[in-house]
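Q: what follows is a predicted protein model with its sequence.
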Number of protein chains: 2
Amino acid sequence: MSAARGPYAKTSAKRKQILDAALAAYAEAGSRKVSVRDIASRVGMTDAGVLHHFGNREALLAAVLEAREAAARDAFGDARLDPEAGLRIVAANASTPGLVKLFVDVAAAAAEPEHPAHDWFTERYATIRSSLAEWVTVDAARPEGRKPTADRPAPSRVDADWVARILLAATDGLQLQWLLEPGIDMAADIAALRDVLVAGLVARQGK
Amino acid sequence: MSAARGPYAKTSAKRKQILDAALAAYAEAGSRKVSVRDIASRVGMTDAGVLHHFGNREALLAAVLEAREAAARDAFGDARLDPEAGLRIVAANASTPGLVKLFVDVAAAAAEPEHPAHDWFTERYATIRSSLAEWVTVDAARPEGRKPTADRPAPSRVDADWVARILLAATDGLQLQWLLEPGIDMAADIAALRDVLVAGLVARQGK
(Lines give C-alpha, C1' and ligand atoms only; values in the text may rest on other atoms or scores of the structure.)
Protein backbone atom coordinates (compact mmCIF):
# COMPACT_ATOMS: atom_id res chain seq x y z
CA MET A 1 0.00 0.00 0.00
CA SER A 2 1.16 3.53 -0.70
CA ALA A 3 1.52 6.04 2.11
CA ALA A 4 -1.52 8.16 2.91
CA ARG A 5 -1.71 11.33 0.84
CA GLY A 6 -3.94 14.36 0.66
CA PRO A 7 -5.89 16.02 3.47
CA TYR A 8 -5.80 13.05 5.87
CA ALA A 9 -2.01 12.73 5.72
CA LYS A 10 -1.68 16.48 6.30
CA THR A 11 -3.99 16.37 9.31
CA SER A 12 -2.15 13.42 10.77
CA ALA A 13 1.22 15.13 10.29
CA LYS A 14 -0.10 18.30 11.91
CA ARG A 15 -1.44 16.34 14.89
CA LYS A 16 1.95 14.72 15.35
CA GLN A 17 3.66 18.10 15.12
CA ILE A 18 1.32 19.50 17.80
CA LEU A 19 1.84 16.47 20.07
CA ASP A 20 5.64 16.70 19.72
CA ALA A 21 5.49 20.41 20.58
CA ALA A 22 3.24 19.69 23.57
CA LEU A 23 5.57 16.97 24.86
CA ALA A 24 8.51 19.37 24.60
CA ALA A 25 6.52 22.11 26.35
CA TYR A 26 5.61 19.82 29.27
CA ALA A 27 9.10 18.33 29.47
CA GLU A 28 10.58 21.84 29.81
CA ALA A 29 7.84 23.28 32.03
CA GLY A 30 9.05 22.12 35.45
CA SER A 31 6.39 23.22 37.93
CA ARG A 32 5.05 25.97 35.63
CA LYS A 33 1.65 25.55 34.01
CA VAL A 34 1.51 24.76 30.29
CA SER A 35 -1.27 26.55 28.41
CA VAL A 36 -2.76 25.69 25.04
CA ARG A 37 -1.20 28.97 23.93
CA ASP A 38 2.30 27.73 24.88
CA ILE A 39 1.75 24.70 22.67
CA ALA A 40 0.16 26.67 19.84
CA SER A 41 2.97 29.22 19.71
CA ARG A 42 5.53 26.43 19.27
CA VAL A 43 3.85 25.32 16.06
CA GLY A 44 2.89 28.79 14.79
CA MET A 45 -0.86 28.17 15.21
CA THR A 46 -3.70 29.81 17.07
CA ASP A 47 -5.21 28.18 20.18
CA ALA A 48 -8.38 27.48 18.20
CA GLY A 49 -6.33 25.95 15.38
CA VAL A 50 -4.64 23.55 17.78
CA LEU A 51 -7.87 22.61 19.57
CA HIS A 52 -9.59 22.03 16.21
CA HIS A 53 -7.33 19.01 15.67
CA PHE A 54 -8.40 17.37 18.94
CA GLY A 55 -11.87 18.69 19.77
CA ASN A 56 -11.19 20.38 23.10
CA ARG A 57 -8.48 20.97 25.71
CA GLU A 58 -9.21 17.74 27.63
CA ALA A 59 -8.93 15.65 24.47
CA LEU A 60 -5.67 17.41 23.55
CA LEU A 61 -4.16 16.63 26.97
CA ALA A 62 -5.36 13.03 26.79
CA ALA A 63 -3.64 12.70 23.40
CA VAL A 64 -0.45 14.27 24.78
CA LEU A 65 -0.44 11.74 27.62
CA GLU A 66 -0.92 8.83 25.21
CA ALA A 67 1.93 10.18 23.06
CA ARG A 68 4.09 10.47 26.16
CA GLU A 69 3.48 6.85 27.13
CA ALA A 70 4.25 5.75 23.58
CA ALA A 71 7.54 7.68 23.68
CA ALA A 72 8.43 6.16 27.08
CA ARG A 73 7.65 2.70 25.66
CA ASP A 74 10.06 3.30 22.77
CA ALA A 75 12.78 4.51 25.13
CA PHE A 76 12.40 2.18 28.12
CA GLY A 77 10.17 -0.76 27.19
CA ASP A 78 6.51 -1.44 27.86
CA ALA A 79 5.65 -0.75 31.51
CA ARG A 80 2.30 -2.46 30.97
CA LEU A 81 4.12 -5.73 30.36
CA ASP A 82 7.49 -5.38 32.10
CA PRO A 83 7.84 -4.10 35.68
CA GLU A 84 11.56 -3.39 35.13
CA ALA A 85 10.60 -1.04 32.31
CA GLY A 86 8.16 0.57 34.72
CA LEU A 87 10.98 1.26 37.19
CA ARG A 88 13.16 2.75 34.44
CA ILE A 89 10.30 5.08 33.51
CA VAL A 90 9.77 6.10 37.14
CA ALA A 91 13.48 6.96 37.36
CA ALA A 92 13.37 8.95 34.13
CA ASN A 93 10.23 10.83 35.26
CA ALA A 94 12.32 12.61 37.89
CA SER A 95 13.84 14.79 35.18
CA THR A 96 10.49 15.93 33.75
CA PRO A 97 8.16 17.19 36.51
CA GLY A 98 5.97 18.88 33.90
CA LEU A 99 5.11 15.51 32.37
CA VAL A 100 4.48 14.00 35.81
CA LYS A 101 2.16 16.91 36.54
CA LEU A 102 0.34 16.27 33.26
CA PHE A 103 -0.11 12.62 34.24
CA VAL A 104 -1.58 13.32 37.69
CA ASP A 105 -3.88 16.02 36.27
CA VAL A 106 -5.26 13.82 33.50
CA ALA A 107 -5.43 10.71 35.72
CA ALA A 108 -7.61 12.63 38.19
CA ALA A 109 -9.82 14.15 35.51
CA ALA A 110 -10.19 10.82 33.68
CA ALA A 111 -12.24 9.38 36.54
CA GLU A 112 -15.24 11.08 34.95
CA PRO A 113 -16.95 8.63 32.59
CA GLU A 114 -17.30 11.24 29.84
CA HIS A 115 -13.62 12.26 29.95
CA PRO A 116 -11.77 11.52 26.67
CA ALA A 117 -9.09 9.53 28.54
CA HIS A 118 -11.56 7.55 30.71
CA ASP A 119 -11.49 4.35 28.64
CA TRP A 120 -7.76 4.63 28.04
CA PHE A 121 -7.05 4.85 31.79
CA THR A 122 -9.46 2.05 32.65
CA GLU A 123 -7.75 -0.20 30.11
CA ARG A 124 -4.26 0.97 31.12
CA TYR A 125 -4.79 0.20 34.80
CA ALA A 126 -6.33 -3.20 34.08
CA THR A 127 -3.44 -4.14 31.75
CA ILE A 128 -0.71 -2.99 34.14
CA ARG A 129 -2.35 -4.71 37.12
CA SER A 130 -2.73 -7.92 35.19
CA SER A 131 0.90 -7.97 34.01
CA LEU A 132 2.20 -7.00 37.46
CA ALA A 133 0.16 -9.78 39.06
CA GLU A 134 1.55 -12.23 36.51
CA TRP A 135 5.10 -11.08 37.21
CA VAL A 136 4.55 -11.27 40.97
CA THR A 137 3.20 -14.79 40.69
CA VAL A 138 6.29 -15.93 38.80
CA ASP A 139 8.84 -13.92 40.76
CA ALA A 140 7.48 -14.51 44.25
CA ALA A 141 7.05 -18.18 43.51
CA ARG A 142 10.64 -18.51 42.40
CA PRO A 143 13.02 -16.39 44.43
CA GLU A 144 16.52 -16.91 43.09
CA GLY A 145 15.11 -18.99 40.29
CA ARG A 146 13.53 -21.69 42.46
CA LYS A 147 10.33 -23.35 41.37
CA PRO A 148 7.25 -23.49 43.56
CA THR A 149 7.42 -26.37 46.00
CA ALA A 150 5.03 -27.87 48.55
CA ASP A 151 6.64 -25.66 51.18
CA ARG A 152 6.66 -22.63 48.92
CA PRO A 153 3.71 -22.74 46.53
CA ALA A 154 3.05 -19.96 44.03
CA PRO A 155 1.17 -17.07 45.65
CA SER A 156 -2.55 -17.12 45.20
CA ARG A 157 -3.95 -14.84 42.53
CA VAL A 158 -5.72 -12.84 45.22
CA ASP A 159 -2.41 -11.93 46.85
CA ALA A 160 -0.74 -11.21 43.51
CA ASP A 161 -3.60 -8.92 42.49
CA TRP A 162 -3.22 -7.05 45.77
CA VAL A 163 0.53 -6.58 45.21
CA ALA A 164 -0.21 -5.29 41.71
CA ARG A 165 -2.80 -2.78 42.97
CA ILE A 166 -0.47 -1.55 45.71
CA LEU A 167 2.61 -1.21 43.48
CA LEU A 168 0.61 0.74 40.91
CA ALA A 169 -1.08 2.88 43.58
CA ALA A 170 2.20 3.74 45.31
CA THR A 171 3.83 4.60 41.99
CA ASP A 172 0.97 6.95 41.09
CA GLY A 173 0.58 8.45 44.55
CA LEU A 174 4.27 9.01 45.21
CA GLN A 175 4.27 11.45 42.31
CA LEU A 176 2.06 13.83 44.30
CA GLN A 177 4.57 13.90 47.16
CA TRP A 178 7.54 14.17 44.81
CA LEU A 179 6.04 17.14 42.94
CA LEU A 180 5.98 18.97 46.29
CA GLU A 181 9.27 17.53 47.56
CA PRO A 182 11.60 16.68 44.65
CA GLY A 183 14.25 15.20 46.97
CA ILE A 184 12.21 11.98 47.15
CA ASP A 185 13.84 9.19 45.08
CA MET A 186 10.74 7.68 43.49
CA ALA A 187 12.48 4.80 41.72
CA ALA A 188 14.39 3.72 44.85
CA ASP A 189 11.22 3.93 46.98
CA ILE A 190 9.19 1.82 44.54
CA ALA A 191 11.96 -0.75 43.98
CA ALA A 192 12.20 -1.20 47.77
CA LEU A 193 8.43 -1.61 47.99
CA ARG A 194 8.48 -4.25 45.27
CA ASP A 195 11.14 -6.20 47.15
CA VAL A 196 9.28 -6.00 50.48
CA LEU A 197 5.95 -7.01 48.94
CA VAL A 198 7.44 -9.99 47.15
CA ALA A 199 9.37 -11.02 50.29
CA GLY A 200 6.13 -10.70 52.27
CA LEU A 201 4.29 -12.93 49.83
CA VAL A 202 7.05 -15.51 49.91
CA ALA A 203 7.06 -15.52 53.72
CA ARG A 204 3.30 -15.94 53.83
CA GLN A 205 3.40 -18.75 51.26
CA GLY A 206 6.03 -20.52 53.35
CA LYS A 207 3.69 -20.73 56.35
CA MET B 1 -15.04 37.98 73.92
CA SER B 2 -18.37 38.39 72.21
CA ALA B 3 -19.14 36.63 68.95
CA ALA B 4 -18.22 38.51 65.77
CA ARG B 5 -21.01 40.76 64.53
CA GLY B 6 -21.63 42.95 61.53
CA PRO B 7 -20.34 42.51 57.96
CA TYR B 8 -17.48 40.15 58.86
CA ALA B 9 -19.76 37.73 60.72
CA LYS B 10 -22.17 37.78 57.77
CA THR B 11 -19.36 37.04 55.30
CA SER B 12 -18.05 34.24 57.47
CA ALA B 13 -21.54 32.73 57.85
CA LYS B 14 -22.09 32.95 54.08
CA ARG B 15 -18.75 31.24 53.40
CA LYS B 16 -19.69 28.43 55.77
CA GLN B 17 -23.08 28.09 54.08
CA ILE B 18 -21.38 27.84 50.67
CA LEU B 19 -18.84 25.29 51.92
CA ASP B 20 -21.58 23.14 53.49
CA ALA B 21 -23.52 23.25 50.22
CA ALA B 22 -20.39 22.36 48.25
CA LEU B 23 -19.60 19.41 50.54
CA ALA B 24 -23.16 18.13 50.10
CA ALA B 25 -22.93 18.58 46.32
CA TYR B 26 -19.66 16.61 46.10
CA ALA B 27 -20.88 13.94 48.51
CA GLU B 28 -23.95 13.35 46.34
CA ALA B 29 -22.21 13.72 42.97
CA GLY B 30 -20.84 10.19 42.52
CA SER B 31 -18.84 10.28 39.31
CA ARG B 32 -20.70 13.32 37.94
CA LYS B 33 -18.87 16.64 37.72
CA VAL B 34 -19.78 19.36 40.22
CA SER B 35 -19.92 22.87 38.74
CA VAL B 36 -19.78 26.19 40.56
CA ARG B 37 -23.37 26.59 39.34
CA ASP B 38 -24.42 23.40 41.19
CA ILE B 39 -23.03 24.87 44.40
CA ALA B 40 -24.43 28.35 43.78
CA SER B 41 -27.93 27.08 43.10
CA ARG B 42 -27.98 25.25 46.46
CA VAL B 43 -27.47 28.55 48.30
CA GLY B 44 -29.59 30.72 45.98
CA MET B 45 -26.64 32.72 44.69
CA THR B 46 -25.07 33.45 41.32
CA ASP B 47 -21.78 31.81 40.29
CA ALA B 48 -20.08 35.21 40.56
CA GLY B 49 -21.55 35.73 44.03
CA VAL B 50 -20.13 32.40 45.24
CA LEU B 51 -16.71 33.00 43.68
CA HIS B 52 -16.59 36.50 45.18
CA HIS B 53 -16.33 34.92 48.64
CA PHE B 54 -13.25 32.87 47.69
CA GLY B 55 -11.51 34.73 44.86
CA ASN B 56 -11.70 32.11 42.11
CA ARG B 57 -12.75 28.54 41.40
CA GLU B 58 -9.42 27.01 42.47
CA ALA B 59 -9.55 28.81 45.82
CA LEU B 60 -13.17 27.70 46.33
CA LEU B 61 -12.24 24.05 45.69
CA ALA B 62 -9.22 24.33 47.99
CA ALA B 63 -11.51 25.67 50.73
CA VAL B 64 -14.02 22.85 50.13
CA LEU B 65 -11.22 20.29 50.50
CA GLU B 66 -10.03 21.88 53.75
CA ALA B 67 -13.62 21.88 55.04
CA ARG B 68 -13.92 18.24 54.07
CA GLU B 69 -10.78 17.26 55.99
CA ALA B 70 -12.02 19.23 59.01
CA ALA B 71 -15.35 17.36 58.86
CA ALA B 72 -13.56 13.99 58.56
CA ARG B 73 -11.41 14.94 61.56
CA ASP B 74 -14.53 15.66 63.61
CA ALA B 75 -16.11 12.36 62.58
CA PHE B 76 -13.13 9.96 62.57
CA GLY B 77 -10.19 11.59 64.35
CA ASP B 78 -7.09 13.32 63.00
CA ALA B 79 -5.49 11.29 60.20
CA ARG B 80 -2.45 13.55 60.39
CA LEU B 81 -1.77 12.26 63.90
CA ASP B 82 -3.46 8.84 64.08
CA PRO B 83 -3.05 6.17 61.37
CA GLU B 84 -6.14 4.31 62.66
CA ALA B 85 -8.18 7.46 62.02
CA GLY B 86 -6.65 7.52 58.55
CA LEU B 87 -7.92 3.98 57.88
CA ARG B 88 -11.41 4.89 59.12
CA ILE B 89 -11.44 7.83 56.72
CA VAL B 90 -10.27 5.65 53.81
CA ALA B 91 -13.13 3.25 54.56
CA ALA B 92 -15.67 6.08 54.75
CA ASN B 93 -14.39 7.57 51.48
CA ALA B 94 -15.80 4.58 49.62
CA SER B 95 -19.32 6.00 50.06
CA THR B 96 -18.46 9.43 48.59
CA PRO B 97 -16.65 9.11 45.25
CA GLY B 98 -17.40 12.76 44.49
CA LEU B 99 -15.29 13.86 47.45
CA VAL B 100 -12.51 11.43 46.49
CA LYS B 101 -12.60 12.89 42.99
CA LEU B 102 -12.35 16.40 44.48
CA PHE B 103 -9.29 15.29 46.48
CA VAL B 104 -7.39 13.82 43.53
CA ASP B 105 -8.23 16.83 41.34
CA VAL B 106 -7.05 19.39 43.88
CA ALA B 107 -4.02 17.32 44.94
CA ALA B 108 -2.85 17.21 41.32
CA ALA B 109 -3.50 20.91 40.70
CA ALA B 110 -1.85 21.92 44.00
CA ALA B 111 1.58 20.84 42.71
CA GLU B 112 1.76 24.28 41.08
CA PRO B 113 3.50 26.69 43.47
CA GLU B 114 0.93 29.43 42.85
CA HIS B 115 -2.09 27.17 43.51
CA PRO B 116 -4.16 28.29 46.55
CA ALA B 117 -3.82 24.81 48.14
CA HIS B 118 -0.07 24.43 47.46
CA ASP B 119 1.11 25.38 50.94
CA TRP B 120 -1.73 23.46 52.58
CA PHE B 121 -0.81 20.25 50.72
CA THR B 122 2.91 20.67 51.36
CA GLU B 123 2.25 21.08 55.09
CA ARG B 124 -0.37 18.27 55.10
CA TYR B 125 1.97 15.74 53.50
CA ALA B 126 4.87 16.66 55.78
CA THR B 127 2.67 16.37 58.89
CA ILE B 128 1.13 13.04 57.88
CA ARG B 129 4.50 11.56 56.92
CA SER B 130 6.05 12.67 60.16
CA SER B 131 3.25 11.22 62.32
CA LEU B 132 3.19 7.99 60.29
CA ALA B 133 6.96 7.61 60.69
CA GLU B 134 6.62 8.18 64.43
CA TRP B 135 3.84 5.57 64.63
CA VAL B 136 5.85 3.09 62.57
CA THR B 137 8.89 3.54 64.78
CA VAL B 138 6.86 2.77 67.89
CA ASP B 139 4.70 0.04 66.39
CA ALA B 140 7.36 -1.82 64.43
CA ALA B 141 9.72 -1.64 67.36
CA ARG B 142 7.13 -3.17 69.68
CA PRO B 143 5.05 -5.82 67.96
CA GLU B 144 2.56 -7.16 70.48
CA GLY B 145 3.72 -4.53 72.95
CA ARG B 146 7.35 -5.63 73.17
CA LYS B 147 10.03 -3.01 73.72
CA PRO B 148 13.03 -2.69 71.42
CA THR B 149 15.77 -5.12 72.35
CA ALA B 150 19.31 -5.72 71.13
CA ASP B 151 17.92 -8.37 68.76
CA ARG B 152 15.04 -6.18 67.68
CA PRO B 153 16.03 -2.52 67.83
CA ALA B 154 13.65 0.26 66.81
CA PRO B 155 13.67 0.77 63.04
CA SER B 156 15.94 3.51 61.80
CA ARG B 157 14.31 6.81 60.94
CA VAL B 158 15.25 6.29 57.30
CA ASP B 159 13.20 3.10 57.10
CA ALA B 160 10.28 4.63 59.00
CA ASP B 161 10.23 7.64 56.67
CA TRP B 162 10.12 5.29 53.70
CA VAL B 163 7.18 3.37 55.19
CA ALA B 164 5.39 6.67 55.78
CA ARG B 165 5.95 7.86 52.19
CA ILE B 166 4.78 4.52 50.78
CA LEU B 167 1.64 4.25 52.95
CA LEU B 168 0.63 7.79 52.05
CA ALA B 169 1.44 7.27 48.36
CA ALA B 170 -0.52 4.02 48.14
CA THR B 171 -3.51 5.59 49.92
CA ASP B 172 -3.54 8.53 47.48
CA GLY B 173 -2.83 6.46 44.38
CA LEU B 174 -5.31 3.70 45.11
CA GLN B 175 -8.08 6.29 44.84
CA LEU B 176 -7.37 6.65 41.12
CA GLN B 177 -7.87 2.92 40.57
CA TRP B 178 -10.93 2.81 42.84
CA LEU B 179 -12.63 5.68 41.01
CA LEU B 180 -12.41 3.55 37.84
CA GLU B 181 -13.09 0.22 39.58
CA PRO B 182 -15.24 0.74 42.71
CA GLY B 183 -15.04 -2.95 43.66
CA ILE B 184 -11.57 -2.33 45.12
CA ASP B 185 -11.66 -2.34 48.96
CA MET B 186 -9.34 0.58 49.65
CA ALA B 187 -9.33 0.26 53.44
CA ALA B 188 -8.57 -3.49 53.37
CA ASP B 189 -5.80 -3.00 50.80
CA ILE B 190 -4.13 -0.24 52.83
CA ALA B 191 -4.49 -2.06 56.16
CA ALA B 192 -2.80 -5.12 54.59
CA LEU B 193 -0.02 -2.92 53.24
CA ARG B 194 0.54 -1.38 56.65
CA ASP B 195 0.86 -4.84 58.19
CA VAL B 196 3.28 -6.09 55.54
CA LEU B 197 5.46 -2.98 55.74
CA VAL B 198 5.67 -3.12 59.51
CA ALA B 199 6.39 -6.88 59.41
CA GLY B 200 9.09 -6.23 56.80
CA LEU B 201 10.72 -3.61 59.01
CA VAL B 202 10.61 -5.90 62.01
CA ALA B 203 12.16 -8.75 60.00
CA ARG B 204 14.91 -6.48 58.72
CA GLN B 205 15.64 -5.12 62.19
CA GLY B 206 15.93 -8.66 63.47
CA LYS B 207 18.81 -9.45 61.11
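A: Sure, I can see it. Numbering: from 1, shown residues only, chains lettered A, B, ... in the order given.

Q: helix, strand or coil for A:F54?
A: Three-state assignment for A:F54 (DSSP: H, G, I helix; E, B strand; the rest coil): coil.

Q: so it sits against A:L60, correct?
A: Yes. A:F54 is in contact with A:L60 according to Cβ atoms under 8 Å; the separation is 4.1 Å. Any C-beta I mention is one placed from the backbone N, CA and C, and that applies to glycine too.

Q: what do these two both touch?
A: Applying Cβ atoms under 8 Å, 6 or more residues apart in numbering or on different chains, one finds that A:F54 and A:L60 are jointly contacted by A:I18.

Q: and A:Q175, what element?
A: Using DSSP states H and E, A:Q175 maps to helix A:157-180.

Q: for A:D74, that is, sorry about that
A: Going by DSSP H and E, A:D74 is part of helix A:57-76.

Q: on that earlier part again, now check the helix holding A:Q175, is it near chain B?
A: Yes. Using Cβ under 8 Å from any Cβ of the partner chain, helix A:157-180 reaches chain B at A:162, A:165-166, A:168-174, A:176-177, A:179-180.

Q: that helix: what's the following helix or strand?
A: Per DSSP H and E, the helix or strand that comes after helix A:157-180 is helix A:186-206.

Q: what are the buried residues along that following helix?
A: For helix A:186-206, the neighbour count (16 or more other Cβ atoms under 10 Å in any protein chain shown) marks A:186-187, A:189-194, A:196-202, A:205 as buried.

Q: and stretch A:11-20, by the same measure?
A: A:K14, A:R15, A:I18, A:L19.

Q: please apply the same query to stretch A:77-95.
A: The neighbour-count check on stretch A:77-95 (16+ other Cβ under 10 Å) flags A:77-83, A:85-91, A:93 as buried.

Q: from those residues, which land in strands?
A: Among those, no member falls in strands (criterion: DSSP state E).

Q: for the helix holding A:D74, packing partners?
A: Counting contacts by 3 or more Cβ pairs under 8 Å, 6 or more residues apart in numbering or on different chains; DSSP states H and E, helix A:57-76 packs against helix A:6-29, helix A:36-42, helix A:47-52, helix A:83-93, helix A:97-109, helix A:118-141.

Q: switch to 6 Å and redo it
A: helix A:6-29, helix A:83-93, helix A:97-109 (3 or more Cβ pairs under 6 Å, 6 or more residues apart in numbering or on different chains; DSSP states H and E).

Q: chain center to it: distance?
A: Its chain's C-alpha centre and that of helix A:57-76 lie 9 Å apart, by Cα atoms, centre = their mean, to the nearest Å.

Q: quick one: residues in contact with it.
A: A:L19, A:A22, A:L23, A:V36, A:F54, A:A85, A:R88, A:I89, A:L99, A:V106, A:P116, A:A117 (Cβ atoms under 6 Å, 6 or more residues apart in numbering or on different chains).

Q: kindly reformat those as CSV containing pLDDT.
A: Below are the contacts of helix A:57-76 laid out as CSV (pLDDT from 0 to 100):
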residue, pLDDT
A:L19, 97
A:A22, 97
A:L23, 96
A:V36, 96
A:F54, 96
A:A85, 91
A:R88, 95
A:I89, 95
A:L99, 95
A:V106, 95
A:P116, 95
A:A117, 95
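
Q: out of these, who's nearest chain B?
A: Ranked by distance to chain B (Cβ to the nearest Cβ), those are led by A:V106 at 8.6 Å.

Q: list the residues that contact the closest one.
A: With contacts defined as Cβ under 6 Å, 6+ apart, the neighbours of A:V106 are A:L61, A:L65, A:A117.

Q: now do 8 Å
A: The neighbourhood of A:V106, defined by Cβ under 8 Å, 6+ apart, consists of A:L61, A:A62, A:L65, A:A117, A:F121.

Q: quick check, the last one in contact with A:A110.
A: Yes. At 4.3 Å, A:F121 counts as touching A:A110 under the criterion of Cβ under 8 Å.

Q: compare those two (neighbour count), which wins?
A: Counted by other Cβ atoms under 10 Å in any protein chain shown, A:F121 and A:A110 do not tie: A:A110 has more neighbours, with 24 against 21.

Q: how far out from the middle of the chain is stretch A:24-32?
A: In terms of Cα atoms, centre = their mean, the centre of stretch A:24-32 is set 17 Å apart from its chain centre.

Q: also stretch A:121-137?
A: Here stretch A:121-137 is found 12 Å from its chain centre; the criterion is Cα atoms, centre = their mean.

Q: tell me if it is near chain B.
A: Yes. Under the criterion of Cβ under 8 Å from any Cβ, chain B is reached by stretch A:121-137 at A:F121, A:T122, A:Y125, A:A126, A:R129.
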